[in-house]
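*Asks:* The sequence and its predicted three-dimensional model are supplied below.
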Amino acid sequence: MAGSPTARRRRLSIELKKLREKSALTCAQVGEAMDWSGSKVNRMETGSGRVQPSDIDALCRFYDTSDELREFLKALARQAKVRGWWQVHGAGVPEWFNIYIGLEQEASTFRQYQCEVVPGLMQTDVYAAELHKAGAHMSVEDIAKAVHVRMERQTMLRQADAPDAWFIVNEGALRRVIGDRALMREQLERVLETAELPTVTLQVLPFDAGTCPTTGSFTMLGFPAPEDPDVVYRDGITDAVYLEGEHHVREYTRAFDDLRAAALSPQRSTLLIESILKDYA
C-alpha cells in the first residue's frame, strides 16, 4: 500500500473510478442510486474531496465487491486523512506543492529537466533560501520552513529504497550566479556529490546542444504499483499542473528522451561542472 497520504488518496480515487467504469455507470447514475449527488461521486474519484470509510462501505455494497477489497479501500480512506510530515509547515509549503511532495515520497522513478535553476533535490540550504527570497514575498520564518522541507526531501536519494533518479540540467542553470560566487562554488560541489549517489544519473544540456524540445522545466514520477499511472508535474508561481493521461506521459517521455540524447554523457557532464567550478574558485 502506498505510504504517503497523497499517494493513498490517489490510489483510492483510481480504484473507485475502476469500480464504476466496470459497472458501466456514470457518476450521476451512481449518485442517484446512492442518494448522493453525481458531483460527490466525481469528487471521490478525482481525490478533490474527503472520502469517509462509511462511504466506501456503501459503495462496495453497491458494486458488490469482495470483503477483502472493501477493507483495503476503507484502510486507504482512513490513512488518506493522515497528515504528511511536510504538511506541518503552513505557508512554508503551499497547498498545491503539498500534493507533489506526497507523490514524490512514493515514486520509484524520478525524471527531471531543469532549465533555470539547480534541481531542488540537489540544492544547498543557502542556495534554496536565496531562491525563496526572490519574488516570493515570504516571511523569514516561512522561508526557513520551506528550506527545511526541501532539505528533508533530499534524504530520499540516500535511503535504501531510493528512487531511480535521472536529472538533466541546462548549462545556464549552473552558470547563473545565485547569491555570490562562494555560494555557487558550494552549490556545484553539492551537485557533484549528489551525482555520485548510486541511484542518481546527472546530465548537463550544454549551450551548443543545438535545437532541443522547448518544454520548460518538468518532472516525471513513476510508481512501483502498476495500478498507479505515471505523473508529469509542472509548476509556476502560484499553482501547478499534474498530467496523468497516457498522451501527456508519452509526449513528455519522448521529450525527456530527446533531451537525454542531446545532453552530455554523465562523465562529460561531470567534467563540465568541474570546469565551471574552477571559474567560481
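*Replies:* Arrived safely, thanks for sending.
*Asks:* quick one: least confident helix or strand in the chain?
*Replies:* Lowest by mean pLDDT, DSSP states H and E among the helices and strands of the chain is helix 95-104, with a mean of 75.
*Asks:* Show me what the helix or strand that comes right after that helix is packed up against.
*Replies:* Next along the chain after helix 95-104, taking DSSP states H and E as the criterion, comes strand 109-114. In terms of contacts (3 or more CB pairs under 8 Å, 6 or more residues apart in numbering; DSSP states H and E), strand 109-114 is packed against strand 164-170, strand 218-222, helix 246-262. No exception for glycine: its C-beta is placed from N, CA and C like everyone else's.
*Asks:* Give me the next element, helix or strand, following the second one.
*Replies:* When you say that, I think you mean strand 218-222. Going down the chain from strand 218-222, the next helix or strand is strand 231-235, by DSSP H and E.
*Asks:* could you give the angle of that next one to helix 246-262?
*Replies:* Per axes from the mean of the first three to the mean of the last three CA atoms, to 10 degrees, the angle that strand 231-235 makes with helix 246-262 is 70 degrees.
*Asks:* Ok, which of the helices and strands packed on strand 109-114 comes nearest residue 60?
*Replies:* Among the helices and strands packed on strand 109-114, helix 246-262 comes nearest to residue 60, with 27.8 Å by CB to CB.
*Asks:* in that closest one, what counts as buried?
*Replies:* 248-249, 252, 255-256, 259, 262 (16 or more other CB atoms under 10 Å).
*Asks:* just stretch 37-54 next, same as before
*Replies:* Neighbour-count burial for stretch 37-54, counted by 16+ other CB under 10 Å, picks out 40-45, 47, 49, 51, 53.
*Asks:* swap in stretch 10-24?
*Replies:* For stretch 10-24, a neighbour-count test (16+ other CB under 10 Å) marks 10-17, 19-20 as buried.
*Asks:* Repeat that for stretch 263-274.
*Replies:* 263-264, 269-270, 273.
*Asks:* For that stretch, give me every contacting residue.
*Replies:* Residues outside stretch 263-274 that contact it (CB atoms under 8 Å, 6 or more residues apart in numbering): 168, 171, 174, 188, 191-192, 195, 201-206, 209.
*Asks:* if you set the cut-off to 7 Å instead, what comes out?
*Replies:* For stretch 263-274, contacts defined as CB atoms under 7 Å, 6 or more residues apart in numbering pick out 168, 174, 188, 191-192, 195, 201-206, 209.
*Asks:* any idea how far that stretch is from the chain center?
*Replies:* 25 Å (CA atoms, centre = their mean, to the nearest Å).
*Asks:* ok, now stretch 254-273?
*Replies:* Taking CA atoms, centre = their mean, one finds stretch 254-273 lying 21 Å from the centre of the chain it belongs to.
*Asks:* The closest residue to residue 151 other than its chain neighbours and residue 192, how far apart?
*Replies:* Distance criterion CB to CB, 6 or more residues apart in numbering; nearest residue to residue 151, sequence neighbours excluded, is residue 125 at 5.7 Å. Residue 125 is 17 Å from residue 192, where distance means CB to CB, to the nearest Å.
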